[in-house]
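>>> what's the 3D shape of this:
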Amino acid sequence: MTLTDLGWTDILAKEFEPHAKRGWIPARLIRDNKITYGALYEDDEGDIDEVEVILGGKVYHDAESDAELPAVGDWVAIELGDTDEDTVIRARMQRRTCFSRKVPGKSSEEQVIAANVDTVVVVTDAGSDFNLRRMERYFMLIERSGSKAVILVNKSDLFPAEQNEEVASAIQKLSESADVHITSAAKCEGLDVLKKHLNQGETVTVVGSSGVGKSTMINQLLGDDYQWVSEVNETTGKGRHTTTARELIVLEDGGILVDNPGMREIQMWTNEQTLRDSFTDVEAIAAECKFHDCKHKGDKGCAIQKAVEEGSLDAMRYESYLKLDEEIAHLQMRRKKRQMTLERRAKRDHRIKARNLNDRIDHDREQHPERGY
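Okay, here's the model as predicted:
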């Protein structure tokens with residue numbers, strides 16, 4: 001295995017040159033242990049080795065938010081420690097892509113799911129997990145990340161073929177660029193479509209709700225029980241065990257896989273442009289409204305209202321569009337307020353430091369008049 005197998009490129013090598021001059025070496029983060037990280041690097045013999053690393057103080061203090069701190073999938077510059085010293089992350093490289101969401105709850109912070117990902121694979125099924133509105137959210141986040149979207153309608157062995165096909169077709173209509181496939185991880189059916197994205201140096205992250213078969217799928221890819229999976233609950237159709245920690249796995253046959261815990265909330269971390277790009281059908285209809293400032297709420301000549309009444313625009317999809325638009329606007333308002341708060345705190349801290357400095361100068365003047373302040 002080489003750095004190239006981990007996703008290292010000539011572009012990264014060029015960016016890393018200043019760090020190399022300081023004696024630091026490149027590494028890719030494979031695990032976030034909260035206090036420390038697991039990282040892969042190339043040793044003096046040219047072999048890939050794993051090391052536990054800690055975050056350098058400068059990297060921590062320079063980050064304006066948690067999302068700017070190193071995350072699984074990031075390339076970093078590390079300073080190797082010896083027997084008595086820690087190995088330290090001294091810098092984080094620029095991210096090529098970043099798949100993230102808003103932190104669940106009332107926070108306006110961004111949560112990075114995985115960095116430098118080529119493909120985001122969303123696993124769902126044709127049963128209780130299927131939700132078109134949630135899939136719209138996934139597509140928007142993937143679009144913003146810069147990654148390729150692949151959707152696997154898994155557990156096909158538990159549902160009629162017609163039901164699986166209907167679900168796959170409905171998802172495909174949401175995004176023409178996405179690859180949508182029907183699979184059964186338990187029976188090793190359809191996993192070849194996932195393997196084709198796992199090429200040398202390419203990174204794939206697998207996401208979805210708990211119990212949709214992600215761990216079983218990864219077990220099949222690895223050829224052994226990498227993730228322990230219990231029997232499926234007959235009532236819910238879900239496995240009793242799910243992944244609990246995010247981890248990057250380098251596959252022997254090529255490719256890099258990022259396994260993730262189940263995602264219960266898909267809260268938006270995006271902007272209006274991504275919303276428009278994800279709902280081009282709604283935008284195209286809105287462009288036909290008689291008035292450019294149409295509010296689509298009973299206005300005369302409203303093309304949206306007409307399309308909904310005629311059935312050419314699904315009412316639930318339009319409601320989803322409005323809800324996402326409101327959610328994004330609310331997020332941006334909260335982000336703006338948070339930024340204003342941070343700026344006020346920075347100014348306050350600056351004033352306090354200046355006042356303390358003046359107090360120290362005044363004190364020194366009194367104690368040492370001979371210095372001629």
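>>> how many other residues sit next to residue 137?
20 (other Cβ atoms under 10 Å). Heads up, the C-betas are built off the backbone N, CA and C, glycines and all.
>>> ditto for residue 210
Residue 210: 17 neighbours (other Cβ under 10 Å).
>>> From residue 9, how far out is it?
Distance, residue 210 to residue 9, using Cβ to Cβ, to the nearest Å: 34 Å.
>>> now do residue 310
In terms of Cβ to Cβ, residue 310 sits 50 Å off from residue 9.
>>> Settle it for me: which of these two has more neighbours?
Neighbour count, other Cβ under 10 Å: between residue 310 and residue 9, residue 9 has more, with 14 against 8.
>>> pLDDT value on the more buried one, please?
Per-residue pLDDT puts residue 9 at 93.
>>> Can you classify the closest residue to residue 290 other than its chain neighbours as helix, strand or coil?
Leaving aside its chain neighbours, residue 290 sits nearest to residue 301 (2.5 Å; criterion: Cβ to Cβ, 6 or more residues apart in numbering). Recorded secondary structure, residue 301: coil (DSSP: H, G, I helix; E, B strand; the rest coil).
>>> so who does residue 301 touch?
289-291, 294 (Cβ atoms under 8 Å, 6 or more residues apart in numbering).
>>> which intervals of this structure have sub-threshold pLDDT?
Scanning the chain with the threshold set as pLDDT under 70 gives 102-109, 223-245, 261-278, 298, 324-343, 345-346, 349, 361-363, 370-373.
>>> what about the strands in the chain?
For the chain, strands defined by DSSP state E occupy the ranges 25-32, 37-42, 48-55, 75-79, 87-92, 98-102, 110-115, 119-125, 148-154, 179-182, 203-208, 247-250, 256-259.
>>> These into JSON lines, with extra columns for mean neighbour count?
Shown next, in JSON lines, are the strands of the chain (neighbours: other Cβ atoms under 10 Å):
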{"stretch": "strand 25-32", "mean neighbour count": "22"}
{"stretch": "strand 37-42", "mean neighbour count": "21"}
{"stretch": "strand 48-55", "mean neighbour count": "16"}
{"stretch": "strand 75-79", "mean neighbour count": "23"}
{"stretch": "strand 87-92", "mean neighbour count": "21"}
{"stretch": "strand 98-102", "mean neighbour count": "22"}
{"stretch": "strand 110-115", "mean neighbour count": "22"}
{"stretch": "strand 119-125", "mean neighbour count": "25"}
{"stretch": "strand 148-154", "mean neighbour count": "25"}
{"stretch": "strand 179-182", "mean neighbour count": "19"}
{"stretch": "strand 203-208", "mean neighbour count": "25"}
{"stretch": "strand 247-250", "mean neighbour count": "20"}
{"stretch": "strand 256-259", "mean neighbour count": "24"}
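>>> Walk me through the domains of the chain.
By the assignment in automatic domain parsing, the chain contains the domains 4-92, 98-259, 271-373.
>>> sorry, back to before: got TSV for the strands of the chain, with distance to residue 132 too?
Formatted as TSV, the strands of the chain follow (distance: least, Cβ to Cβ, whole Å):
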stretch	distance to residue 132
strand 25-32	32
strand 37-42	37
strand 48-55	40
strand 75-79	36
strand 87-92	36
strand 98-102	18
strand 110-115	21
strand 119-125	10
strand 148-154	11
strand 179-182	12
strand 203-208	15
strand 247-250	30
strand 256-259	25
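>>> Perfect, I'm done here.
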